[in-house]
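Student: Sharing a sequence plus its predicted fold:
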Amino acid sequence: MPQIITLTTDLGSKDNYVGIMKGVILSINPNATIVDITHQISPGNIKEAAYNIKTAYRYFPPNTVHIIVVDPGVGTKRKILLLETPTSYFICPDNGILTYILKDFLYYKLFHVTNSHYFLEPLSNTFHGRDIMAPVGAHLSKGIEASCFGPEIQDIITLQEKEPQQTSFNTLKGKIIYCDHFGNLVTNITKDHIPNQKEFEIIVKNEKIDKISSSYLDVEEGNLLAIWGSAGFLEISISCGNAKERLNAKVGDTILIRF
Amino acid sequence: MPQIITLTTDLGSKDNYVGIMKGVILSINPNATIVDITHQISPGNIKEAAYNIKTAYRYFPPNTVHIIVVDPGVGTKRKILLLETPTSYFICPDNGILTYILKDFLYYKLFHVTNSHYFLEPLSNTFHGRDIMAPVGAHLSKGIEASCFGPEIQDIITLQEKEPQQTSFNTLKGKIIYCDHFGNLVTNITKDHIPNQKEFEIIVKNEKIDKISSSYLDVEEGNLLAIWGSAGFLEISISCGNAKERLNAKVGDTILIRF
Amino acid sequence: MPQIITLTTDLGSKDNYVGIMKGVILSINPNATIVDITHQISPGNIKEAAYNIKTAYRYFPPNTVHIIVVDPGVGTKRKILLLETPTSYFICPDNGILTYILKDFLYYKLFHVTNSHYFLEPLSNTFHGRDIMAPVGAHLSKGIEASCFGPEIQDIITLQEKEPQQTSFNTLKGKIIYCDHFGNLVTNITKDHIPNQKEFEIIVKNEKIDKISSSYLDVEEGNLLAIWGSAGFLEISISCGNAKERLNAKVGDTILIRF
């Protein structure tokens, strides 16, 4: 059985925080394989964390334990959650991080992590990634049942997210949901939104694009293009350039598809 | 026996230097589990390295080998040290990095790493992390006795660090010793310095704080707060913000506790 | 047999791209040990990738699989290559990344990776690191023969690189080929170019250096120096400083050796 634990955090790479979490995990399960998904989530940015784990988890083997530490409410009464699905486990604060993942599963169980038997002592008020989530994930990866960590619960906090909307007879209004390292602008438009045969134009930040490219070199260097990105969403890019910088774009900006 | 080797360096993440050290380690001990503590120590900053390893090592299993490569004196006659403690091993240049760790142990042995049998050849003048510290750490993790790497020594270089000081009848003067990724300001004030029942105010960069919070959300967003940080020190933070930037604070700045 | 896979990419650390590649690898070969060489190659910079893998691979054990994902041509008809050498394997796009490595081997085999049996499905147009290079590398690390992934080929794309040149009776003209995290300027001058007994001066960005130092502290703090770097090339540095910033230097800048 693979004993993989992934980490998705806003802890950055400057400090020893992530290394400490790995020390805690390996102290409990020396056979765990720990994989960094990212530690560069913007501080406290729950949507960014939710997007990054949602688009990554399916590439890991069955029984992988995913720990997500973006936790502005650490030290308050916010819960720590353990989500058990048929393929994977997720441990994170109850602040909306699981919103998109829950939609992928018909069957799952949610637990409120309360069993302090599995926590580090003394428990700090500022780093439950180290004191609760890392040790719980490590014990889980060793085969402890999810139900051992606390009672099952039903209601958790979810983010309110708008799907793309038909705003007129021939217009679909979506938005930018993520900007990556290359400056690619990931939108919430999927292939379901753009019928194969139809003509359309894409309007983003006053620029127009009239086709979907099959590679970044499909247009001349420096030109804008639209392409189906690796997460399944329509992305806006600049050939050999940075669309986020050039268009001065940000998460939440509107994208229109006019048929 | 776990064969964990941690790395704490100022080598950054842009170049292949850290990857090369890992290749050297795995060539000698393919079963080693290598954990990055951080590679973002400011170039040549010995105090930062000393703080990061001191506050991290206790979270790793017994017999972990910690390699710390912050080595502005590489190529000179500065020694390479191997510290053996009852719980862990530390390999680093003789430049003060071990200052805080030594205070944690009543019993330890220090070795001057001189046995070139364990070094890479040819030995460079610029990268002893690769040529000496990585291979020595890898051999150590395989069970070679610490005494095999060179003679025992007594005197090493230590940093001069001031503890917080009573500067008047009712005033304790401490300082900022570390600023983290979130902009939290870690001070050298511990719980021993602030008796439980006493009233006090904290003064930092002309701002006053009159209580110790139990979470970052204990005050309104954007407000300053003091909190016991995860390393056991008093920290100054901004709720949902960056205290380092807002206060224009830096390591060495004064913090006063007035009772 | 060690089953080490290294990753050298321009994918950065902000997104989940590298984590996803690791998930793909571990899904196929749970026993693989994955080592990051760097993910901070400048976006699309093939020379930087070629330099980083060329100067790193020799430090890894026999049979290591090196995956290099710097792939501006993803989605076009550019090939994916698999290079088999007596010591290591390399998987990368056919865009020049292998230029310097090929010079190290008299005997090698090149394969055009075409066998979609080993690819992820559906195949994206934007992330062949995930869909082709990671799974092919994982299968290779499990012992699948290189010839199983596609036909052998002879001709691949290589970078045109000038060696240092004698420009007059007593002058050798080289250039800066890499700038590292510390601001050290790596040149293409090697020990073969500078005979041991000869007097010389080094001219870079209008500054003169008249000796090769044996450590960064060989000159006073803040002064310029030349030193044999850890990759075997002459490097220009500032003692306790950043030569790239101070000299406003960049890759391609000229360095002269006057005898």
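Tutor: All right, it came through fine.
Student: and the residue of the stretch 151-259 of chain A found nearest chain C, what does it touch?
Tutor: Closest to chain C within the stretch 151-259 of chain A is residue A:215: 2.9 Å, counting by CB to the nearest CB. Where C-beta positions appear, they are placed from N, C-alpha and C, glycine not excepted. For residue A:215, the contacting residues are A:227, C:73, C:74, C:75, C:76, C:125, C:126, by CB atoms under 8 Å, 6 or more residues apart in numbering or on different chains.
Student: excluding its backbone neighbours, what's nearest it?
Tutor: Once flanking residues are discounted, residue A:215 sits nearest to residue C:75: 2.9 Å by CB to CB, 6 or more residues apart in numbering or on different chains.
Student: okay, now that neighbour: neighbour count?
Tutor: By the criterion of other CB atoms under 10 Å in any protein chain shown, residue C:75 has 21 neighbours.
Student: Can you show me the helices along the stretch 1-150 of chain A?
Tutor: Using DSSP state H, counting those that start in this stretch, the helices of the stretch 1-150 of chain A run over A:17-28, A:46-54, A:99-102, A:128, A:134-141.
Student: quick one: the second one near chain B?
Tutor: No - using CB under 8 Å from any CB of the partner chain, we find that helix A:46-54 stays clear of chain B, coming within 12.0 Å at best.
Student: Write out the residues of the stretch 51-200 of chain A neighbouring chain B.
Tutor: Neighbours of chain B within the stretch 51-200 of chain A, by CB under 8 Å from any CB: A:72, A:73, A:74, A:75, A:76, A:124, A:125, A:126, A:127, A:130, A:131.
Student: want to try JSON lines for those, with pLDDT as columns?
Tutor: Below are those laid out as JSON lines (pLDDT from 0 to 100):
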{"residue": "A:72", "pLDDT": "95"}
{"residue": "A:73", "pLDDT": "94"}
{"residue": "A:74", "pLDDT": "95"}
{"residue": "A:75", "pLDDT": "93"}
{"residue": "A:76", "pLDDT": "94"}
{"residue": "A:124", "pLDDT": "96"}
{"residue": "A:125", "pLDDT": "94"}
{"residue": "A:126", "pLDDT": "96"}
{"residue": "A:127", "pLDDT": "97"}
{"residue": "A:130", "pLDDT": "98"}
{"residue": "A:131", "pLDDT": "98"}
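Student: Could you pull up the contacting residues of residue A:161?
Tutor: A:99, A:100.
Student: What distance do you get for it to residue A:252?
Tutor: 11 Å (CB to CB, to the nearest Å).
Student: Equivalent analysis for residue A:36, please.
Tutor: Distance, residue A:36 to residue A:252, by CB to CB: 27 Å.
Student: Show me which of those two is the more surrounded one.
Tutor: residue A:36 (20 against 9).
Student: Neighbours of the closest residue to that one other than its chain neighbours, how many?
Tutor: Counting by CB to CB, 6+ apart, residue A:36 lies nearest to residue A:7, which is 5.5 Å off, once chain neighbours are set aside. Here the count is done by other CB under 10 Å, and residue A:7 has 25 residues near it.
Student: cool, residue A:32 as well?
Tutor: So residue A:32, with other CB under 10 Å, has 20 neighbours.
Student: So for it, what's the pLDDT?
Tutor: Residue A:32 carries a pLDDT value of 97.
Student: pretty sure residue A:146 is touching residue A:88, no?
Tutor: No - when contacts are counted by CB atoms under 8 Å, residue A:146 is not listed as touching residue A:88 (11.4 Å).
Student: Perfect, I'm done here.
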